[in-house]
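Trainee: dropping a prediction and its sequence here:
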Amino acid sequence: MPVRRPAAPAKGAWIRVPGVPHGNGRQLTLGTAVFAPGITATSFVLSLGPSLLSGLLGTTSPIVAGAMAFVMFLAATGVQFAVQKLPRRTILTAGAVSTTLSMVALVTAVHTSSVPVLIASALLAGAGQGMGQLGGLSLLNHSVPAQRLAEANAALNVGGYVPAGLLPVSAGHLSDAIGLTNGATVFAAVLTGLAVAGGLVVLATGRQDHGPVR
């Protein structure tokens, strides 16, 4: 990005957690509340999707597993072009709804052994991640000064990738203990709660941060 480097290097700890300027915590919270569940859902599909396909649904083809991941991220990219003219509030709310529906489809897929429903879950997860990412980055771009924007974007990614790493790994260990069906169901229930909470946080905020994407 064409941003000038500071005239003097920043002072402080060599390693520090990225954050946002005072007064921009609300925008970071709103973006993370939707982006984190969305990217956690896609991380689950990437990490445990092949196990679901082979262990529960009887599909061992790596092409199917790879294609499912491909269409998931194709949906994540494509949905950003489709919704970019909508208000940020609408985009974030739709992202939370999409992630919630993804988890409903996941539970349905593992209990009915349906590959098409699992693929639908992946598509919805991708859409949830894409809209959460677009809405979150747009909120920060709209409100954070240019000299702090890179750090703010890093903070959004940290807020998303930490649960995206922890929850699917935890679900994998839980599945070893109670079975893949039950482990996936528990994961879906937890992530549904987080996605619904994120959507409610967005709906509960004022409209000052929810103009069009830019």
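Mentor: Yep, it's here.

Trainee: ok, and the closest non-adjacent residue to residue 176?
Mentor: Residue nearest to residue 176 in three dimensions, not counting chain neighbours: residue 183, with 7.8 Å by CB to CB, 6 or more residues apart in numbering. Bear in mind the C-beta positions are built from the backbone N, C-alpha and C, glycine included.

Trainee: the one you found: which element?
Mentor: Using DSSP states H and E, residue 183 falls within helix 180-204.

Trainee: in that helix, what's buried?
Mentor: Buried residues in helix 180-204, counted by 16 or more other CB atoms under 10 Å: 180-181, 183-188, 190-192, 194-196, 198-199, 201-202.

Trainee: centre of the chain to it, how far?
Mentor: 12 Å (CA atoms, centre = their mean, to the nearest Å).

Trainee: tell me which other helices or strands that helix touches.
Mentor: helix 25-55, helix 88-112, helix 146-178 (3 or more CB pairs under 8 Å, 6 or more residues apart in numbering; DSSP states H and E).

Trainee: low pLDDT regions in the protein?
Mentor: For the chain, the stretches with pLDDT under 70 are 1-12, 206-214.

Trainee: how does it look with 90?
Mentor: 1-18, 22-23, 48-65, 113-115, 146-147, 180, 205-214 (pLDDT under 90).

Trainee: and residue 178, how many neighbours does it have?
Mentor: Here the number of neighbours of residue 178 (other CB atoms under 10 Å) works out to 11.

Trainee: and the residue lying closest to it once chain neighbours are set aside, how far from residue 167?
Mentor: Setting aside the residues directly before and after it, residue 178 is nearest to residue 186 in space (CB to CB, 6+ apart), at 7.7 Å. Going from residue 186 to residue 167 by CB to CB, to the nearest Å gives 10 Å.

Trainee: ok, residue 141 next?
Mentor: Taken as CB to CB, the span from residue 141 to residue 167 is 27 Å.

Trainee: which one of these two has more residues nearby?
Mentor: residue 167 (21 against 15).

Trainee: check contacts around the more buried one.
Mentor: 40, 43, 44, 187, 190, 191 (CB atoms under 8 Å, 6 or more residues apart in numbering).

Trainee: ok, now residue 186?
Mentor: Residue 186 touches 171, 174, 178, counting by CB under 8 Å, 6+ apart.

Trainee: wait, what's in contact with the spatially closest residue to the second one that is not a sequence neighbour?
Mentor: Just to be clear, that refers to residue 174. Leaving aside its sequence neighbours, residue 174 sits nearest to residue 183 (CB to CB, 6+ apart; 4.4 Å). Applying CB under 8 Å, 6+ apart, we find residue 183 in contact with 171, 172, 174, 175, 176, 177.

Trainee: mind giving me the ChimeraX command for buried ones among those residues?
Mentor: Filtering those down to the buried ones (16+ other CB under 10 Å) takes a single ChimeraX command:
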select :171,172,174,175
